[in-house]
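Undergrad: Compute the structure for the input listed below.
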Amino acid sequence: IASLTVGDLEVRDKRRDDLLSARHIHFRAARLFPSELTNEKPAFDLSADIRDLFLPKGFSLPIGRKIESFRVKLQFMGPFNRPVNRENLEAWRDEGGIIEISSLESRYGPLQMVASGTLALDHELQPLAAMSVNLQGYIPALDQLSSVGVIGPGEAAIAKLVLGTLSRREVDGGQASVRLPLNIRDRVLRAGGIKL
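TA: Below is the predicted model of the structure:
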């Protein structure tokens, strides 16, 4: 088992007058040793908790460079050999290796996400994902994505309409939330059938 906790991290690049910072970072990793390794048993367990992460200017993310929180718990299923290289990744994939994401939570700008699902690798070692996602704050997030040109105004309007029909209000009168499938296939991200 390996564990790392860092508080009030600041990494400065004086040449570019840039900064990466985080209030809290915690990583925990454990290599598991089940008596018999199969693709149905976890070989590696990983969790991460990051709070108030501010990314450098080189990260031109569409809703700003601050990620309020990011938490993930996942397990690598199936036998995996080191080092992490193309040959070992292909062998792991071919033997049915997948990543089970039991929990993924994130707050980024107005968007809040809670998700779980499965990741795998395709024949080009690109990600394949099948996840269930609960989103809040998607309307202001779509407005911001449209304002910076990531998606067009028409696509944003259609996405709002579709997500609005799927949404439900929280019992306490909070903002709308929507649960939908999120898939990655052939390097395309789709949420509820909408290409992002």
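
Undergrad: Over to Asp143. Which of the three states is it?
TA: Here Asp143 is recorded as helix under DSSP: H, G, I helix; E, B strand; the rest coil.

Undergrad: Could you check the pLDDT of the residue nearest to Tyr108 when sequence neighbours are not counted?
TA: Among residues not flanking Tyr108 along the chain, Ile67 sits closest, at 5.1 Å (CB to CB, 6 or more residues apart in numbering). Placement of C-beta: from N, CA and C, glycine included. pLDDT, Ile67: 94.

Undergrad: Ile67: neighbour count?
TA: Other residues near Ile67 number 20, with proximity taken as other CB atoms under 10 Å.

Undergrad: Okay, and the beta partners of it?
TA: Leu53, Tyr108 (DSSP bridges).

Undergrad: ok, it touching Leu111?
TA: No - taking contacts as CB atoms under 8 Å, Ile67 lies outside contact range of Leu111: 10.2 Å.

Undergrad: Please, which helix or strand holds Val178?
TA: Per DSSP states H and E, Val178 falls inside strand 176-185.

Undergrad: The longest helix anywhere in the chain relative to strand 176-185, how many degrees between them?
TA: If you go by DSSP state H, the chain has its longest helix at helix 153-166. Interaxial angle, helix 153-166 versus strand 176-185 (axes from the mean of the first three to the mean of the last three CA atoms, to 10 degrees): 120 degrees.

Undergrad: List the backbone torsions phi and psi for the residue nearest the centre of the chain.
TA: For the chain, the residue nearest the mean C-alpha position is Leu104 (6.7 Å; CA atoms, centre = their mean). Torsion angles at Leu104 (phi, psi; degrees, to the nearest 10) stand at phi -140, psi 120.

Undergrad: And the strands in the chain?
TA: Along the chain, the segments classed as strands by DSSP state E run 2-13, 18-31, 42-54, 66-77, 98-108, 111-121, 127-136, 168-169, 176-185, 188-191, 194-195.

Undergrad: Out of the helices and strands in this structure, which is least certain?
TA: strand 168-169 (a mean of 64; mean pLDDT, DSSP states H and E).

Undergrad: where in this protein is pLDDT low?
TA: Counting by pLDDT under 70, the ranges of the chain that qualify are 33-40, 168-174, 194, 196.

Undergrad: Cross-check the contact I'm expecting between Thr5 and Ile25.
TA: Yes - with contact defined as CB under 8 Å, Thr5 counts as touching Ile25 (7.1 Å).

Undergrad: more neighbours, these two?
TA: Between Thr5 and Ile25, counted using other CB under 10 Å, the more crowded position is Ile25 (18 against 10).

Undergrad: who touches the closest residue to the more buried one other than its chain neighbours in this structure?
TA: Leaving aside its chain neighbours, Ile25 sits nearest to Val6 (4.4 Å; criterion: CB to CB, 6+ apart). Going by CB atoms under 8 Å, 6 or more residues apart in numbering, Val6 touches 22, 24-26.
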